[in-house]
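Chemist: Everything below, folded, please.
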Amino acid sequence: MNLLDENFPVDQALVLRQWRIQCRQIGRDLSRFGVQDPEIIPLLHRLKRVTLFTQDQDFFKRRLCHPAYCLVWLDVKPGEAAFNVRRFLRHPAFDSQAKRMGIVARASVQGLWYWRHKGTGKAFLPWHE
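Modeler: Numbering: from 1, shown residues only. Sure thing, here's the model as predicted:
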C-alpha cells in the first residue's frame, strides 16, 4: 500500500490518482486528522508492508528502518511531489513492494539517498530515467 502523509499536497494526490497510482492518505482514508508524527510509526506497524511518502524531514532517520515498511521523504517542491512518488516507485531498485521494505529514503532532484534495514550505511542512487 502507498500511503501519503496528511500534509501531502491535495492537488498532487489527485495527480497520483489520475496516473492510476493507488494511494491512501492519513487523515482522509486512514487514522484521523491531526495525527502527530510519533503516532505514525505505530500506524505503519499495524498496516504492514506500506510505503509512506512524506515531505517531513523528520522521517529521514536511520533508526526508523524496519522490515515492515518503507519511508520516503520527498525533499522536493510541493508541486513536484506526485512526479517524484512515481519516479521512486518506478526506480529499478524500488519498483516492487518487496524491494522497498526496510528502506528509509530521501528523494531529491539529485537522486535517492537511503538506508536499508540491517544495511552497512547510507547509499546513493541516481534517478533511472
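Chemist: Surely Cys23 touches Gln12?
Modeler: No: under the criterion of CB atoms under 8 Å, Cys23 makes no contact with Gln12, lying 10.2 Å away. All C-beta spots, glycine's among them, are computed from the backbone N, C-alpha and C.
Chemist: intersection of neighbour lists for these two?
Modeler: Val85 (CB atoms under 8 Å, 6 or more residues apart in numbering).
Chemist: who has more neighbours, the two?
Modeler: Gln12 (21 against 18; other CB atoms under 10 Å).
Chemist: got the contact list for the helix or strand harbouring that one?
Modeler: Per DSSP states H and E: Gln12 is located in helix 10-18. Contacts to helix 10-18, defined as CB under 8 Å, 6+ apart, come from residues 2, 4, 23, 25, 78-79, 81-83, 85-86.
Chemist: quick one: low-confidence parts of the protein?
Modeler: Applying pLDDT under 70 to the chain flags the ranges 31-34.
Chemist: Strands along that one, start to end?
Modeler: 2-4, 24-25, 50-54, 69-74, 103-107, 112-116, 123-125 (DSSP state E).
Chemist: For Phe94, which of those strands is the nearest?
Modeler: Nearest to Phe94, of all the strands of the chain, is strand 103-107, at 6.8 Å by CB to CB.
Chemist: that older thread, give the buried residues for the helix holding Gln12.
Modeler: For helix 10-18, the buried set under the neighbour-count rule, 16 or more other CB atoms under 10 Å, comprises 12-13, 15-16.
Chemist: Tabulate these (TSV), appending distance to Asp95.
Modeler: As requested, the buried residues of helix 10-18 are exported to TSV (distance: CB to CB, whole Å):
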residue	distance to Asp95
Gln12	20
Ala13	21
Val15	19
Leu16	16
